[in-house]
Every structure is written in C-alpha cells, then in structure tokens.
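>>> Provide a 3D model corresponding to the input given below.
(one chain, ligands or ions: 1)
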Amino acid sequence: MAQLGDMSKDSFSGAFYFPTMVFNISCSDHIALNDYLIKCIYTERERDGKGIERSNFRKLGGWHSHNNLHKEQAYKPLTDRVHQAGRRISQYLGYHSGKHLTVGTMWSIINAPGSSNKAHIHPGSHWSGVYYVHAPQNAGDIEFTDPRTSHIMDQPDFEPGKQRSKENWTKVRFTPKAGKMIIFPSWLYHGVDPNMSDKTGKDGERVIISFNMSQKGG
Ligand SMILES: [Fe+2]
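The predicted structure follows:
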C-alpha cells in the first residue's frame, strides 16, 4: 500500500487558458510589393512633410503618416492583403462568418536611425498589425509585453540555465524583416526599440505600414 501523502500514482494534468495569439505572415511576393510600397510611402512623406505624432518621436527622426492610407487607391494591394489575412484569422478563431475584420485605420512610420516607438496599445479596434517594408539590420525589434500585469509582478524562479517554455515568457520580441506581417490583439502593449542601423540615408530607415481592424457587417 502506497504511503499516505504520496502523490506518485495520482493523475496530474495542466492546461493553458487565456492565450494571447500573435499571427505571423510571410508575404511571398514581398520584393515586388515592397519596391512598389516604398515609392508610395516616400512620395507621401515628401507631400506630407513632418507627419503626425503618435508613438513615434518626431524630434528623433520618426515620421508618422496620416491614418487613412487604406482609403487611397495606391495602398489597395496591401489593404487587400490585410483583409485576406483578416479572413484567415476569423476562420482560424471561429469568428462569425457573416462578419469581417475590416481595416479602419492604416498608416506608415519611418524610423530614421536613433528613433523608436514608445509602448502603446491601439484602442477602439480588435486586431492590429504591422507590415515591414524596409528593415535594415538592427533597425529595432518590436517587443510585446505580457498583458497580465499580475503575472509580471511576482515571477517565480525558473531553473537556471534553461530556457523557459514560451508559455512562461513575459516579453516576446520580433526582429523586423521586409515582407513579414505580424498581427496581434489591439489591447496587447508593444513598443519598438531604437533604430541602431549604422547605414545612412534611406538605407538606414525602418519603414513599416501599420493598421487596425475591427469586425464589421452582419
Ligand atoms: Fe502599435
């Protein structure tokens, strides 16, 4: 008979709940797409001048376009792509098939070397994303923070020298890569490291298009 208090023969199981999903898309035709988009974006910066200030730091060389690029015909190839991604996400998550994740705002950010984006969320939408148009080496990772503040507050010690399973991470970082699209819940805090590229001029600039989507229709 097993000793009282011995759990070696007890059943034991665990499951993760409240997951935070981040989608990663690699656009297969990104070279042609980005050649096209970069021209549109620089034309817009030329026209627009100093842009607006949101998470970017204008004084450090961060330019932020207006928020309605999706309403311009020039950006239709990317807007269409984002809507297709929205459909995939809706199917994947089992959302109402009569409703569609629809772009409500879309903008571009150019971070010159030395500029970054402060941590922020995107209120008023369901899913947000970023598409990398140009990303030199060391252009600044995007970092997401565990939204469960209480989970960050008092972390237990994990086995030294062993990498934690990703379910136990409190930060997730992605290095920008031209052609990559990351789509994340709009409530998920994120920021962008300073662009530390040693390249000069446009070669050193980190260029992205970002967007918000909400479920519409039905
Ligand atoms: Fe953002």
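>>> helices or strands up against the helix or strand of the chain with the lowest mean pLDDT?
Least confident element among the helices and strands of the chain, by mean pLDDT, DSSP states H and E: helix 149-153 (a mean of 88). If contacts are counted by 3 or more Cβ pairs under 8 Å, 6 or more residues apart in numbering; DSSP states H and E, helix 149-153 sits against no helix or strand. To be clear about C-beta, it is placed using only N, CA and C from the backbone, and glycine gets the same treatment.
>>> name the next helix or strand downstream of it, please.
strand 171-174 (DSSP states H and E).
>>> just to revisit the earlier point, got a list of contacts for the least confident helix or strand of the chain?
145, 146, 170 (Cβ atoms under 8 Å, 6 or more residues apart in numbering).
>>> just stretch 29-47 next, same as before
Contacts of stretch 29-47 (Cβ under 8 Å, 6+ apart): 27, 51, 63, 65, 69, 74-75, 77-78, 81, 108, 110, 133-134, 178-180, 202, 207, 209.
>>> just the ones of these in helices?
Within those, residues falling in helices by DSSP state H are 77, 78, 81.
>>> for the residues you listed, pick the one with the most neighbours.
The most crowded member of these, judged by other Cβ atoms under 10 Å, is residue 78 (25 neighbours).
>>> once you drop chain neighbours, what's closest to that residue?
Computed as Cβ to Cβ, 6 or more residues apart in numbering, the closest residue to residue 78 that is not its neighbour in sequence is residue 209, at 6.0 Å.
>>> which residues touch the one you found?
37, 41, 69, 75, 78, 106, 107, 108, 130, 131, 133.
>>> make TSV from those residues and add distance to residue 164 to it.
Listed next are the contacts of residue 209 as TSV, based on distance: Cβ to Cβ, whole Å:
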residue	distance to residue 164
37	37
41	38
69	38
75	39
78	35
106	35
107	34
108	35
130	25
131	29
133	33
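>>> among those, which are in strands?
Assigned to strands by DSSP state E, the following of the contacts of residue 209 qualify: 106, 107, 108, 130, 131, 133.
>>> can you get me a residue count around the fifth one?
Counted with other Cβ under 10 Å, the neighbours of residue 131 add up to 28.
>>> that one touches residue 78, doesn't it?
Yes. Residue 131 lies in contact with residue 78 (Cβ atoms under 8 Å); the separation is 6.4 Å.
>>> show residues contacting stretch 54-72.
41, 44-45, 48, 50-53, 75, 79, 82, 103, 105-120, 191-192, 194, 209, 211.
>>> ends of it, how far apart?
Using Cα to Cα, to the nearest Å, the end-to-end distance of stretch 54-72 comes out at 21 Å.
>>> if we can go back for a sec, now the ones in strands among the contacts of residue 209 in JSON lines, with pLDDT and distance to residue 14?
Converted to JSON lines, the ones in strands among the contacts of residue 209 look like this (pLDDT from 0 to 100; distance: Cβ to Cβ, whole Å):
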{"residue": "106", "pLDDT": "98", "distance to residue 14": "40"}
{"residue": "107", "pLDDT": "98", "distance to residue 14": "41"}
{"residue": "108", "pLDDT": "98", "distance to residue 14": "43"}
{"residue": "130", "pLDDT": "98", "distance to residue 14": "33"}
{"residue": "131", "pLDDT": "98", "distance to residue 14": "36"}
{"residue": "133", "pLDDT": "98", "distance to residue 14": "41"}
